[in-house]
Every structure is written in structure tokens, then in C-alpha cells.
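Student: One predicted model, sequence on top.
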Amino acid sequence: HKLKDLTANWSGTPLVVFVDDIHKIADDEDIVCDVINDFASVLGNNVHLVTAGQISIPSDSIVEEFRLNLYTRDETQVFLEASFDEVTEDHVHDVHTAVE
């Protein structure tokens, strides 16, 4: 109901609603998928729902799934070395572990 209220007076221009960590809604992935489907059906065709979370979408869902891979430890090191003068192995490990 809250999402419907947020878009009630919407102008009709394309709108993107982003919900991060959608997997935190419930421990049961089926419940999370039901919530995503409910969100998508309430918002209509001109509102695009984008969610990020650690779940798998069933093949019969009305939403489209894109899988993202986490950065490897080596990719983390490349990014850190591009931004900082000196990067230790321990720092790379700590950052990679924290953002995993």
C-alpha cells in the first residue's frame, strides 16, 4: 500500500524504485519472491522495480533476474591500488572480506 501511495500522484514519466537488500524481508526465499511480485504488480508498467538481494528468482516469476558476481580478491586489490599509494596484503584481505 505504501508503494501505491508513493506513486499515486506520479506524473507518468518513467520512474525507478530501488530496494536494496530485499533478502532481508524474510528468511524464506518464497516469501521474498512473493513480496517482489506484489511490488511489481502494484507499481504498474511505467514504474520499474529494481531490487538487490541474495536470492534466486523462480522461473515462473513475473520479474526478470540478473545475476551479479562479487569482485574477486585480485579485482579488489586492483581497485584499491588505483586509489591508494600503498596497499598491504592485509588491507586488501580486510576490505575484500568486509564487502563480500
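Tutor: Perfect, I can see it now.

Student: those strands in the chain, which residues are they?
Tutor: Counting by DSSP state E, the segments of the chain that form strands are 15-19, 47-51.

Student: winner for burial among those strands?
Tutor: strand 47-51 (a mean of 16; mean count of other C-beta atoms under 10 Å). From N, CA and C alone the C-beta is placed, and that goes for glycine too.

Student: just checking, what packs against it?
Tutor: Contacts of strand 47-51 with other secondary structure elements, assessed using 3 or more C-beta pairs under 8 Å, 6 or more residues apart in numbering; DSSP states H and E, are made with strand 15-19, helix 29-43.

Student: Now do the nearest residue to Gln54 once chain neighbours are set aside: how many residues are near it, please.
Tutor: Leaving aside its chain neighbours, Gln54 sits nearest to His23 (4.6 Å; criterion: C-beta to C-beta, 6 or more residues apart in numbering). One way to gauge burial is a neighbour count; for His23, by other C-beta atoms under 10 Å, it gives 14.

Student: right, and His23 touches Ile57 too?
Tutor: No - taking C-beta atoms under 8 Å as the contact criterion, His23 and Ile57 are not neighbours in contact, 11.4 Å apart.

Student: Just list the residues touching the most centrally placed residue in the chain, thanks.
Tutor: In the chain, the C-alpha closest to the average C-alpha coordinate belongs to Ala52, at a distance of 1.2 Å (C-alpha atoms, centre = their mean). With contacts defined as C-beta atoms under 8 Å, 6 or more residues apart in numbering, the neighbours of Ala52 are 18-22, 68.

Student: Swap in 6 Å and give it another go.
Tutor: Residues counted as contacts of Ala52 (C-beta atoms under 6 Å, 6 or more residues apart in numbering) are Asp20.

Student: what's the answer for Ser41, then?
Tutor: Ser41 neighbours (C-beta under 6 Å, 6+ apart): none.
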